[in-house]
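Novice: Take a look and give me a structure for this.
(chains A and B)
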Amino acid sequence: MSVLEKVPVREQEPQERAANFEEVCYGYNKDEAMIEASRCINCKNARCVKGCPVSIDIPGFIAKVKEGNMEEAFHIISKSSALPAICGRVCPQETQCEGVCIRGVKGEAVSIGKLERFVADWARENNIAPQPATEKKGKKVAVIGAGPAGLTCAGDLAKLGYDVTIFEALHEAGGVLLYGIPEFRLPKDEVVKAEIENVKKLGVKIECNVIIGRSVTIDELMEEEGFEAVFIGSGAGLPKFMGIPGENAKGVFSANEFLTRNNLMKAFREDYDTPIHKGQKVAVVGGGNVAMDAARTALRLGAETHIVYRRSEAELPARAEEVHHAKEEGIIFDTLTNPTEILTDDNGDVIGMNCVRMELGEPDASGRRRPVEIPDSQFTMDVDTVIMALGTSPNPLISSTTEGLDINKWKCIVADETTGATSKPGVFAGGDAVTGAATVILAMGAGKAAAKGIDEYLSNK
Amino acid sequence: MYEILASRVLTTNIYEMVVKAPRIAARCLPGQFLIVRMDERGERIPLTICDYDRTAGTVNIVFQIVGASTKRMAELQTGDAFQDIVGPLGRPSELTEMDAEELKAKKILFVAGGVGTAPVYPQVKWLKEQGVAADVIVGAKTKDLLILEPEMEAVAGNLYITTDDGSYGRSGMVTKTIEDLVSEGKQYDVCIAIGPMIMMKFVCLLTKKLELPTIVSMNPIMVDGTGMCGACRLNVGGQVKFACVDGPEFDGHQVDFDQAMKRQSIYRTEEGRAKLALEEGETHHGGCGNCN
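Specialist: Numbering: from 1, shown residues only, chains lettered A, B, ... in the order given. This next block holds a predicted model:
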């Protein structure tokens, strides 16, 4: 095998995995990891570290993998990341650390993500956990939302010795890692719960079933419950719909509902009460990672599944790996196609979807070529289920119940990029609640920055 | 865990439970709801808060057996616990935002149907505490299915009970009692109707004719209850609204009930099959023509 190429990673066969929820990618074993690690040339001024939103010492941990010292490799990663088994699986490494890897100039980048995953999985299997702080600060910090931003912020603050409580609205911690990303990309019990346990081992308390803005407000947390600072990592919010006729029909779902039923509420398992609409022919409208997740879930539940996207394949916002996996599994891509109406029968069930064909025109504000409707190109897709994966708009629950918290014209919370500070003293924010829907690792980066910001704020108080 | 401190059967398939939930009891208001999940395998079920005790830190919930999860919930006893309860969710009733004088000047009519009697009760009770006596119509199919009569009697101004079959109180649907009261010369400024969607639809059709502003409380299918899933979306006045964050109370004359009723039946086949599986074991796998 050429040193210019990555050690290939073993995966479940497409035909087989299209019918189950087991993890697609098996990851490296120790031998494979050590061979792959030896491809790293240990750059002095490592570009990969700058490409990582949480600045993991990548050459440092890879050097330890090369030596076979996995425990030390894990502790190096843990200094920067509380959720490495998760990031190793869901980060878009190709546009971050691996995207700038010097190996990638002539050949393939070092498989940093798969190495990170191997180290984190090895640590879990060998019961190696991150170390809690020895000195306590005696100051309470509240973190809102147990998703990637909140868990990262809480973990970093706990390592600094703060007394941290996370308030989670759902009945289980994890946020999008639990309700959004499916089991076959990110195993829940084995990986997500284990990493959350690690955060708890740092001393972080998690109180579920608390909706900030309804169960209790931020002002009450600070004035009555003794929290000296608050981090808001409440996530993305309300699902968007297209506003086309028929969208409230019985067989039309938001990707959030469909994925939450399947992932958080485990509808795919017979021993759970949760119902789910499986469908025979499913159209998922949208081209992002959430659309891929919804489509691959519908496929596994037994449906013929189409991705319907108004631009061309080159513009798909989803990770290349997700698109590749989806195609291998048999998802049909109907690109340059835009729905105009969902057709229903007298019972309100979906019996089809009218669409028009599109072509690409001039670039729009996003820099992507604007899709333009081709005249007289209307046709009807034969589908019984439509899943809308069009993104989200911010949830007003926290901003409307917190005095003095500024939001921008998109209704996202305004926060300083380097410190996470909001317009309200002592209140910090990061992740999708600030940026709108983005990625797990960007939310983690924001949580990390805010932990630093909170530490500085409380140290100077 | 959220302990059940008391539990009773109100009538066939309808249960009331008093549950320890201090955070919710501390700040809930009439009109709001909560979500319960009985155990790891259970669904998240939205239920209106039917009473609360701020000092004891308890809330009362009333539910009817409709699917697998509620059937299993009905078997819980005093001393058992729910794995999860979250709330209060939704916006409180508009009445709670009015000032006392404004409220006292209003003539209010509540119309409760079936299990909808339970969410009406805290609103009427709250009004009584503000010194406002509201009239209440309670409708039930038969005498046996009537719930919370003595409780309602204690807080209502006038209580009018009607049964579809005439087995108790007046005879006929709640709409007939509304018409009777109005023709007797009663005048109301606002009507609040809570019950099955079909009842709310017909109450609204009538009160529109009577030019009586009417508020309804919608209880559609939902998952998270915080605005995340969009399952509870409704068409209100031509706009899409989420019952969990924009409601659950809406102007009844603007709600598209026909669409809401269709959406209510999305999972009927799946739910029915799960309930039958509990009752009869693994016998229903489709093919009978009734369950796909």
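
Novice: hey, let's count contacts and neighbours off CA atoms from now on
Specialist: OK.

Novice: in what helix or strand does residue A:390 lie?
Specialist: Following DSSP states H and E, one finds residue A:390 outside all helices and strands.

Novice: Poorly predicted segments of chain A, please.
Specialist: Along chain A, segments meeting pLDDT under 70 span A:1.

Novice: Relative to chain B, which residue of the stretch 301-450 of chain A is the closest?
Specialist: Going by Cα to the nearest Cα, chain B is nearest to residue A:348 of the stretch 301-450 of chain A, at 6.1 Å.

Novice: Thought residue A:249 was touching that residue, still the case?
Specialist: Yes. Using Cα atoms under 8 Å, residue A:348 is in contact with residue A:249, at 5.4 Å.

Novice: More neighbours: those two, which one.
Specialist: Counted by other Cα atoms under 10 Å in any protein chain shown, residue A:348 and residue A:249 do not tie: residue A:249 has more neighbours, with 23 against 20.

Novice: any idea how far residue A:21 is from the more buried one?
Specialist: Taking Cα to Cα, to the nearest Å as the measure, residue A:249 and residue A:21 are separated by 28 Å.

Novice: Show me what the top helix by length along chain A is packed against.
Specialist: Counting residues, the longest helix found in chain A (DSSP state H) is helix A:440-459. Contacts defined by 3 or more Cα pairs under 8 Å, 6 or more residues apart in numbering or on different chains; DSSP states H and E place helix A:440-459 against helix A:84-90, helix A:148-159, strand A:229-232, strand A:427-429.

Novice: so of these, which one's packed in deepest?
Specialist: Comparing the helices and strands packed on helix A:440-459 by mean neighbour count (mean count of other Cα atoms under 10 Å in any protein chain shown), helix A:148-159 comes out on top with a mean of 30.

Novice: For stretch B:134-142, C-alpha coordinates in CSV please.
Specialist: The C-alpha trace of stretch B:134-142 is given here as CSV (Å, rounded to 0.1, in the frame of the first residue of the first chain):
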residue,chain,number,x,y,z
ALA,B,134,-68.1,31.6,35.2
ASP,B,135,-70.9,29.5,33.8
VAL,B,136,-69.9,26.0,32.8
ILE,B,137,-71.5,23.5,30.4
VAL,B,138,-70.3,19.9,30.8
GLY,B,139,-71.2,17.4,28.2
ALA,B,140,-70.8,13.6,28.4
LYS,B,141,-72.0,10.7,26.3
THR,B,142,-73.9,9.1,29.2
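
Novice: Need the residues that contact that stretch.
Specialist: For stretch B:134-142, contacts defined as Cα atoms under 8 Å, 6 or more residues apart in numbering or on different chains pick out B:107-114, B:117, B:124, B:127-128, B:146, B:156-168, B:173-174, B:177-178.

Novice: Out of these, list just those in helices.
Specialist: Going by DSSP H, the helices hold B:117, B:124, B:127-128, B:174, B:177-178 from those.

Novice: Next to chain A, which bits of chain B? Give me the list.
Specialist: B:23-24, B:27, B:41-43, B:68-69, B:84-89, B:223-224, B:227-231, B:233-234, B:259, B:262-263, B:265-267, B:270-271, B:274 (Cα under 8 Å from any Cα of the partner chain).

Novice: Would you mind checking these for buried ones?
Specialist: Neighbour-count burial within the residues of chain B next to chain A applies to B:23-24, B:41-43, B:68-69, B:84-89, B:223-224, B:227-231, B:233-234, B:259, B:262-263, B:266-267, B:270-271, B:274; the criterion is 16 or more other Cα atoms under 10 Å in any protein chain shown.
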